[in-house]
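Peer 1: need a 3D model of the following:
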Amino acid sequence: MNGDILPRVIAEWVRGAELPALTPRERPRPDLAAPRPVLAVVGPRRAGKTYFLYQLIEDLLTDGKAQRDDILFVDFEDYRLSDFRPEDMEKLLAAFHQMTGKPPRYLFFDEIQRLPFWSRIVRTLHNTRKYSIVVTGSNATLLSSEIATELRGRYEDCLILPFSFREFLRFRKIEWTPSLLATPEVGLILKAFDEYLRYGGFPEQAGISGEAAKRRLLQSYCDTIFYKDVLDRYGIRARQLLDMVMKNMLESYAAVFSISAFEKQLKDHGLAGSKRSIADYLRYLEEAFFLIALEKFSFSPRKRMMNPKKVYLTDTGFSLLGGAFTENRGRLLENAVAIELFRNRRRAMYFKGKGECDFVVQEGTRPAEAWQACWELNKSAEKREMKGLLEAQRELGIKKGAILTYNQEGKRTFEGETLEVVPVWKWLLGSPAEK
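Peer 2: The predicted structure follows:
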């Protein structure tokens, strides 16, 4: 490629403008000192992966662990790098050395999939043990499962989802303390939670006003997942079937999805769609970070695999794109809980016996927590919700758990047992260790 381009790209970074204003993400701060595994930042589109790279760089600078000229940041979506080839990597590093008088210690490569043979290049650089390497990639061409395959044990990943509720409050500059939650000012928190639950946590969406504008933006994200991350990526010809599966998820999230029942529904309407295709599309949507799919709890791996999964949207804002005429607040609340467990890499399953419990969380080899989610413990729901939670706790020997509601709090007695009732927004504000 043109030899004048690389020095310009490096100069813009080393001597360029300050990093953009950031809303710090509550992810573990990895020790980036080399030698260490490659850090692969994964997650859905537009969730803030690039800004997380900036956050890591800002941490290095603020903590005095690096100067600007110790760091090489390259966005491979830069149109000037469209002709970048593997052999140009040495030229890039040499140009950096020439400009700064030393080699870089930290390599941040954004949209790495744009680089031909990227995995071989990253593995080669990692093998030198000279650099700390952080990469991001697009879901359309680089899935987290493929990172594991391509980097062959040389990596660890960091999941970036849309804002958590804590991050959403920070983005809105709403400060809170445990003491504030006991004052009338808690109304600010509840108002923000209502918005967060309805529109989700995508950063760009949170920064614009008006439901119509938010809906258009979320629809553009959904369309990109449909066309680029799934349809084009996998060469799917049955576009109508994929469209029906995706629409079903938008309308029937926070519910058990039976592949057999969906296939029968298609046949009843004279539509084609095999169980295998439906199962594949479900997996593709999960890999593209559109869905979260939970297995039914069982100690038997075979039974977990054979039973239908319960599916959730990766962002509650996507629910605006469904065709439901009324908003199901209870399902939105349950979906928010599923997202938070997924965000914190908790292994969750749903429990179904005589009753149902929404989430059983595994710690190590044993179930350790049980969480039931419902909008309100009213007369019609109270017995069902408490019975399902208590059955899961008794059968699986679980001590920790509660019923998560919109804004009810306290203790309830059922069948001689005391059950906690906690507002879900308070649970979301708790530390990951408390969930």
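
Peer 1: make it CA atoms for all contacts and neighbour counts henceforth
Peer 2: Fine.

Peer 1: where do the strands sit along this structure?
Peer 2: Remark: strands assigned in the chain by DSSP state E are 38-42, 71-75, 106-110, 132-136, 155-159, 255-257, 291-294, 309-313, 347-352, 356-363, 366-373, 400-405, 410-414, 417-423.

Peer 1: so where is the protein shaky, pLDDT-wise?
Peer 2: Scanning the chain for pLDDT under 70 picks out the ranges 139-149, 152-153, 324-326, 431-435.

Peer 1: which segments of it make up each domain?
Peer 2: Domain segmentation of the chain under automatic domain parsing yields 5-160, 328-435.

Peer 1: can I get the ones you listed in a markdown table with distance to R172 and mean neighbour count?
Peer 2: Output for the domains of the chain, formatted as a markdown table (distance: least, C-alpha to C-alpha, whole Å; neighbours: other C-alpha atoms under 10 Å):
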| stretch | distance to R172 | mean neighbour count |
| --- | --- | --- |
| domain 5-160 | 9 | 17 |
| domain 328-435 | 15 | 18 |
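
Peer 1: now the strands of the chain as a markdown table including distance to I174?
Peer 2: Below are these laid out as a markdown table (distance: least, C-alpha to C-alpha, whole Å):
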| stretch | distance to I174 |
| --- | --- |
| strand 38-42 | 27 |
| strand 71-75 | 32 |
| strand 106-110 | 31 |
| strand 132-136 | 30 |
| strand 155-159 | 25 |
| strand 255-257 | 33 |
| strand 291-294 | 29 |
| strand 309-313 | 26 |
| strand 347-352 | 30 |
| strand 356-363 | 30 |
| strand 366-373 | 26 |
| strand 400-405 | 22 |
| strand 410-414 | 26 |
| strand 417-423 | 19 |
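
Peer 1: I'd guessed I5 sits against S82; true?
Peer 2: No: checked against C-alpha atoms under 8 Å, the pair I5 and S82 is beyond contact range at 11.0 Å.

Peer 1: give me the phi and psi for the residue most central in space within the chain.
Peer 2: Compute the mean C-alpha point of the chain, and by C-alpha atoms, centre = their mean the closest residue is L161, 3.1 Å away. With angles defined as degrees, to the nearest 10, L161 sits at phi -110, psi 170.

Peer 1: and the gap between it and E26?
Peer 2: From L161 across to E26, the span is 11 Å (C-alpha to C-alpha, to the nearest Å).

Peer 1: picking up where we left off before, okay but the residue nearest to the centre of the chain is in contact with F342, surely?
Peer 2: No: using C-alpha under 8 Å, L161 makes no contact with F342, being 9.2 Å away.

Peer 1: tell me, how many residues neighbour M306?
Peer 2: The number of residues packed around M306, counting by other C-alpha atoms under 10 Å, is 10.

Peer 1: going forward can the numbers begin at 36, since that is how I track them
Peer 2: Sure, I'll start numbering at 36, so the last one becomes M341.

Peer 1: how close does it get to K302?
Peer 2: 22 Å.

Peer 1: same thing with T85?
Peer 2: Remark: distance between T85 and K302 (C-alpha to C-alpha) = 44 Å.

Peer 1: and for the longest helix anywhere in the chain, what's in contact with it?
Peer 2: Criterion DSSP state H: the longest helix present in the chain is helix 414-431. Outside helix 414-431, the residues within contact range by C-alpha atoms under 8 Å, 6 or more residues apart in numbering are 386, 388-392, 395, 402, 404-407, 409, 412, 433-434, 437-438, 449, 454.

Peer 1: which residues touch I40?
Peer 2: By C-alpha under 8 Å, 6+ apart, the neighbours of I40 are 115-116.

Peer 1: the same query, at a cut-off of 7 Å, please.
Peer 2: By C-alpha atoms under 7 Å, 6 or more residues apart in numbering, I40 lies in contact with nothing.

Peer 1: can you check the one 4 residues further on too?
Peer 2: V44 makes contact with no residue under the criterion C-alpha under 7 Å, 6+ apart.

Peer 1: and stretch 267-274, how far apart are its ends?
Peer 2: Stretch 267-274 end-to-end distance (C-alpha to C-alpha) = 10 Å.

Peer 1: can you tell me the closest non-neighbouring residue to Y256?
Peer 2: Leaving aside its sequence neighbours, Y256 sits nearest to R80 (C-alpha to C-alpha, 6 or more residues apart in numbering; 7.4 Å).

Peer 1: and the gap between the one you found and T171?
Peer 2: Distance, R80 to T171, using C-alpha to C-alpha: 11 Å.

Peer 1: show me what the nearest residue to L74 once chain neighbours are set aside bridges to in the sheet.
Peer 2: In this structure, L74 finds its nearest non-sequential neighbour in V169, 4.7 Å apart by C-alpha to C-alpha, 6+ apart. Beta bridges link V169 to L74, F143 when assigned by DSSP bridges.
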